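Participant: Need a 3D model of the sequence below.
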Amino acid sequence: MSVNKNTVKSVNDTELKDRLVAINRVTKVTKGGRAFSFSAIVVVGNEEGIVGWGLGKAGEVTAAIAKGVEAAKKNLIRVPLSKGTIPHEQIARHDGALVYLQPASHGTGVKAGGAMRAVLESVGITDVLAKSKGSSNPHNLVKATINALSQLRDAATVAQNRGVSLEKVFKG
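Facilitator: Numbers count the residues shown, from 1 in each chain. Model prediction:
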């Protein structure tokens, strides 16, 4: 398994804002009847380039959300932002969900729906064009969006990895 260089070691919990993406009521059929529980997928972020997601399962909705928030705080990633948008376009998939992210000019807003919008707003992106194809399952959409964001690289990182100057990256 490859180690992601964008992984965040620690961040102040007071900075993180959580957003509930989806809640599912799940049923387990037992000999004594049906047992209901809840699963919640939650996205947390500081709206300044750090985001994470988590899944919580519990007998009560509030407990499931709390578990999801704790799980999300354990897998935070850092996303390079440039003037409120992403540095370049990116395509990523997870299972049946395919997402496409494209930078947008200032004032465009977040043109994304549902689960993708929650992730993009949590990371602090204010202008982006996004499209999801395939599965609309919120779990897969959140994971695909996080995959796309984790693959983003800014120009300074590219220059450092190649061992060249920043000007040479743009010349080709």
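Participant: and residue 126, how many neighbours?
Facilitator: 17 (other CB atoms under 10 Å). (Each C-beta comes from the backbone N, C-alpha and C, glycine too.)
Participant: Which pLDDT value goes with the nearest residue to it once chain neighbours are set aside?
Facilitator: Distances taken as CB to CB, 6 or more residues apart in numbering place residue 84 nearest to residue 126, at 3.9 Å, with adjacent residues excluded. Residue 84 is assigned a predicted lDDT (pLDDT) of 86.
Participant: ok, now residue 152?
Facilitator: pLDDT at residue 152 comes out at 87.
Participant: Please settle this for me: is it part of a helix?
Facilitator: No - counting by DSSP: H, G, I helix; E, B strand; the rest coil, residue 152 is not part of a helix but coil.
Participant: one step back: quick one: residues contacting the residue nearest to residue 126.
Facilitator: 106, 124-127 (CB atoms under 8 Å, 6 or more residues apart in numbering).
Participant: and these as a markdown table, adding distance to residue 50?
Facilitator: Formatted as a markdown table, these follow (distance: CB to CB, whole Å):
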| residue | distance to residue 50 |
| --- | --- |
| 106 | 22 |
| 124 | 8 |
| 125 | 12 |
| 126 | 15 |
| 127 | 19 |
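Participant: any idea how far the spatially most central residue of the chain is from residue 78?
Facilitator: By CA atoms, centre = their mean, the mean C-alpha position of the chain lies nearest to residue 146, the distance being 3.6 Å. In this view, residue 146 and residue 78 are 12 Å apart by CB to CB, to the nearest Å.
Participant: Same question for residue 122.
Facilitator: 13 Å.
Participant: Just want to know which of the two has more residues nearby.
Facilitator: residue 122 (24 against 20).
Participant: Would you map the strands across this protein?
Facilitator: For the chain, the strands defined by DSSP state E occupy 17-30, 33-45, 50-58, 76-78, 90-94, 97-103, 110-111, 128-134.
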